[in-house]
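Visitor: Give me the fold of what follows.
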Amino acid sequence: MSFKALVVDKNADGKVTQTLQNLEDNRLPAEGNVTVRVEYSTVNYKDGLCLTGGGGLVRAYPHVPGIDFAGTVEASEDARFKPGDKVVLTGWRVGEIWWGGYAEKARVKADWLVPLPAGLTPRQAMAVGTAGFTAMLAVMALESHGLTPAQGEVLVTGAAGGVGSVAVAILAKLGYSVAGVTGRPETEDYLKSLGASRIVPRAEISEAPTRPLDKELWAGAIDNVGGAMLARVLTQMKYGASIAAVGLAGGNTLPTTVIPFLLRANNLLGIDSVMKPYAGRLDAWKRIGTDLPLDKLEAMITEVGLEDLPRLGADILKGQVKGRVVVKI
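Guide: Now for the predicted structure:
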């Protein structure tokens with residue numbers, strides 16, 4: 001049996017190529033114990049790196065990227081899953097060091113799969129994907145540190161991206177007043193349609209802080225950017241407020257001081273979705289099923305095919321992708 005896949009390879013001169021190929025089933029990872037007929041995947045920042053050879057995420061070539069997928073179990077050696085079950089996978093280094101979801105079939109370890117949440121289709125699950133899953137984890141982390149809608153505005157940086165879009169929609173549905181940061185004026189109406197109460201131009205908070213504390217503005221924040229912007233936001237947090245850090249599109253350094261932590265009792269919460277244990281995954285997916293407005297989710301979606309991925313991989317690294325891209329396999 002053969003299946004179609006987008007295969008990335010590296011030439012002798014170091015150039016990374018992407019081609020659609022028909023592969024035999026025996027090319028699937030032998031160590032996996034569940035074979036899934038993939039229906040949908042998506043495009044995340046990491047996918048852009050894997051498609052273009054950036055970041056050193058892909059260790060061995062040829063390789064099938066795609067860090068997320070949803071589909072139907074075709075064969076299983078694990079009692080937890082049987083043929084016909086609908087499943088979702090995000091994280092676990094799939095698509096990086098393990099062949100991923102940009103193919104009609106994937107073979108993975110049962111421990112990495114979760115049942116498709118009730119009320120979600122495979123397409124909707126991939127509109128959520130790692131980005132939306134991460135956004136939900138960030139909201140849950142802020143809540144666990146005491147955030148409530150009554151405390152004031154919540155800031156979302158990189159708001160028009162995948163994580164940011166879902167975060168804005170979830171927070172708005174939960175009753176929060178959301179300020180969305182974007183540097184693309186053409187996305188402002190889109191963010192307001194998701195529930196953002198106001199827009200903060202990126203230029204207003206993109207520079208590193210010049211003093212350790214600024215005016216208290218934000219009751220909570222979800223930061224997709226890192227670098228100077230995260231340092232700036234940290235100086236503007238209300239007393240006892242927390243920031244959930246989920247990305248580093250603006251750099252992996254943090255030019256700040258300990259003063260916000262000591263004088264305002266602020267918290268910086270690291271969010272990892274890749275190795276999140278199974279129980280936490282189930283909790284987050286259940287919350288997604290209830291707290292993410294599906295009409296807003298649909299408004300985020302751009303649907304593409306495997307042949308569009310080389311272009312989109314480059315675009316997402318340039319910050320030129322809005323909302324959630326769903327890949328119909």
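Visitor: Please count neighbours and contacts with C-alpha atoms only from this point.
Guide: Noted.
Visitor: got any ranges where the stretch 51-200 of the chain has weak pLDDT?
Guide: For the stretch 51-200 of the chain, no stretch has pLDDT under 70.
Visitor: residue boundaries of the strands in it?
Guide: 68-76, 86-90, 105-108, 114-115, 154-156, 178-182, 198-201 (DSSP state E, counting those that start in this stretch).
Visitor: How about the secondary structure of residue 40?
Guide: Reduced to three states with DSSP: H, G, I helix; E, B strand; the rest coil, the structure at residue 40 is strand.
Visitor: That one: neighbouring residues, count only.
Guide: 28 (other Cα atoms under 10 Å).
Visitor: same check, this time on the one 5 residues further on
Guide: Counted with other Cα under 10 Å, residues neighbouring residue 45 total 22.
Visitor: In contact with the residue nearest to the spatial centre of the chain, which residues?
Guide: When the chain is reduced to its mean C-alpha position, the nearest residue by Cα atoms, centre = their mean turns out to be residue 131, at 1.7 Å. With contact set as Cα atoms under 8 Å, 6 or more residues apart in numbering, residue 131 has these partners: 44, 162, 163, 166.
Visitor: re the thing from before, out of the strands of the stretch 51-200 of the chain, nearest to residue 308?
Guide: strand 68-76 (16.4 Å; Cα to Cα).
Visitor: who's in contact with that closest one?
Guide: By Cα under 8 Å, 6+ apart, strand 68-76 touches 33-42, 81-91, 94-95, 100-101, 116, 122-123, 125-126, 129-130.
Visitor: 6 Å instead, please
Guide: Contacts with strand 68-76, where a contact means Cα atoms under 6 Å, 6 or more residues apart in numbering, come from 33-41, 82-90, 101, 122.
Visitor: hey, where'd the helices end up in the stretch 201-329 of the chain?
Guide: With DSSP state H, counting those that start in this stretch applied, the stretch 201-329 of the chain shows helices at 227-234, 259-263, 278-291, 294-300, 309-317, listed in chain order.
Visitor: sorry, back to before: ranking the strands of the stretch 51-200 of the chain by burial, who's on top?
Guide: Of all those, strand 154-156 has the most neighbours on average by mean count of other Cα atoms under 10 Å, namely a mean of 28.
Visitor: to the chain's geometric centre, what's the distance from that one?
Guide: 17 Å (Cα atoms, centre = their mean, to the nearest Å).
Visitor: same deal with stretch 65-74?
Guide: So, by Cα atoms, centre = their mean, the centroid of stretch 65-74 is 15 Å from its chain's centroid.
Visitor: Ok, stretch 285-294 next?
Guide: Using Cα atoms, centre = their mean, the offset of stretch 285-294 from its chain centre is 15 Å.
Visitor: Restrict that stretch to CA atoms and write it as CSV.
Guide: C-alpha atoms of stretch 285-294 as CSV (Å, rounded to 0.1, in the frame of the first residue of the first chain):
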residue,chain,number,x,y,z
TRP,A,285,-9.0,19.7,25.2
LYS,A,286,-12.1,19.4,27.3
ARG,A,287,-11.9,23.1,28.1
ILE,A,288,-11.3,23.9,24.4
GLY,A,289,-14.6,22.0,23.7
THR,A,290,-16.5,24.3,26.0
ASP,A,291,-14.6,27.6,26.1
LEU,A,292,-13.6,28.1,22.4
PRO,A,293,-16.5,29.6,20.4
LEU,A,294,-16.7,27.5,17.3
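Visitor: What is the nearest of the contacts of residue 131 to residue 272?
Guide: residue 163 (12.6 Å).
Visitor: Where do the domain boundaries of the protein fall?
Guide: For the chain, the domain assignment from automatic domain parsing gives the residue ranges 2-116+299-328, 130-270.
Visitor: Would you convert those domains into JSON lines that also reports distance to residue 290?
Guide: Shown next, in JSON lines, are the domains of the chain (distance: least, Cα to Cα, whole Å):
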{"stretch": "domain 2-116+299-328", "distance to residue 290": "14"}
{"stretch": "domain 130-270", "distance to residue 290": "10"}
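Visitor: I'd like to know which of those lies nearest to residue 279.
Guide: That would be domain 2-116+299-328 among the domains of the chain, by Cα to Cα, at 9.9 Å.
Visitor: burial measure for residue 29, as a count.
Guide: Residue 29, neighbours per other Cα under 10 Å, totals 16.
Visitor: what does residue 59 give?
Guide: Residue 59 - counted by other Cα under 10 Å - has 12 other residues nearby.
Visitor: One more: residue 31?
Guide: Residue 31: 9 neighbours (other Cα under 10 Å).
Visitor: and what of residue 60?
Guide: Other residues within reach of residue 60, judged by other Cα under 10 Å, total 12.
Visitor: quick one: it from residue 7, how far?
Guide: Look at residue 60 and residue 7: by Cα to Cα, to the nearest Å, they are 12 Å apart.
Visitor: tell me, what's touching the two both at once?
Guide: Joint contacts of residue 60 and residue 7 (Cα under 6 Å, 6+ apart) do not exist.
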